[in-house]
Every structure is written in structure tokens, then in C-alpha cells.
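**Student:** Just to be clear, the model below is a prediction. Sequence and coordinates:
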Amino acid sequence: MKNSMTTTENNLQLISVVVPKVNGIYAKLLVLTDEVYSKIKELSESNKGTDLELFALYAESNLYHELSSEMGALTRIQFDELLKESYNGKMQQGRSGKYLKSVQ
């Protein structure tokens, strides 16, 4: 196991994803393959210093939404391509007890 806090033996990555326009400050916990996570990190890095409108924020996480230092942001198009299906497929409650919304 690489790092028990963020990566499993199957090379999966846990990230917390916040879509402020949809669910405010509440995050959904997603499980990604290393391949998808690498692409997200690459795109996020290329977004830095641009005037692109950012849509979703992410951070490496564990099962308790405890964040590590790796984080970034994606545009709407990037989110739709890489995370939308996973994000919408995850039912998760916010602190208020209500289920977080899906991205349309």
C-alpha cells in the first residue's frame, strides 16, 4: 500500500470534490483510478494562471474527508469529461442531512 490515507492497493485515489454552484461548501467523496486522477492533476495544473472560469474544486482525501496537500480546480468542460458521471452516481448527505444535488 502506497499511502493508507489516500491510496489503496488497487491504485485507486480518493478525492473530495466541491462544486460550489451546485452544493455550496459540501463535498462528495469520489474514488478514481490513478489514470483519471493523473489527468485531473495535469489539467488542474494547466488551469493555473489562466482566466478560465473554474467550476469544481478537488483535494486528495481519505474516507473521512480529511484533506491532504494535493488540490486543484477544473473547468466545467473538464469536470463533465472526467468527474460528472462519478459525481452524479454518488449519493451523499451534507451536514444538514439533505442529499447533495447532482450536476445537470
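**Tutor:** Happy to help now that I have it.
**Student:** Tell me how far the closest residue to Val17 other than its chain neighbours lies from Glu85.
**Tutor:** Once flanking residues are discounted, Val17 sits nearest to Tyr58: 4.9 Å by C-beta to C-beta, 6 or more residues apart in numbering. In short, each C-beta sits where N, CA and C put it, glycine included. In this view, Tyr58 and Glu85 are 15 Å apart by C-beta to C-beta, to the nearest Å.
**Student:** returning to that earlier point: report all helices and strands that the one helix or strand the residue nearest to Val17 maps to contacts.
**Tutor:** If you go by DSSP states H and E, Tyr58 is part of strand 54-60. Here strand 54-60 touches strand 12-18, helix 34-47, strand 71-75, helix 76-82, going by 3 or more C-beta pairs under 8 Å, 6 or more residues apart in numbering; DSSP states H and E.
**Student:** okay, the ones you listed in CSV with distance to Gln92 next?
**Tutor:** CSV is the format used below for the helices and strands packed on strand 54-60 (distance: least, C-beta to C-beta, whole Å):
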stretch, distance to Gln92
strand 12-18, 10
helix 34-47, 19
strand 71-75, 19
helix 76-82, 17
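**Student:** ranking these by burial, who's on top?
**Tutor:** strand 12-18 (a mean of 21; mean count of other C-beta atoms under 10 Å).
**Student:** what about whichever helix or strand comes after that strand, average pLDDT?
**Tutor:** Next helix or strand after strand 12-18 toward the C-terminus (DSSP H and E): helix 20-23. Regarding helix 20-23, the rounded mean pLDDT is 96.
**Student:** Would you indicate which residues of helix 20-23 are buried?
**Tutor:** For helix 20-23, the neighbour count (16 or more other C-beta atoms under 10 Å) marks 22-23 as buried.
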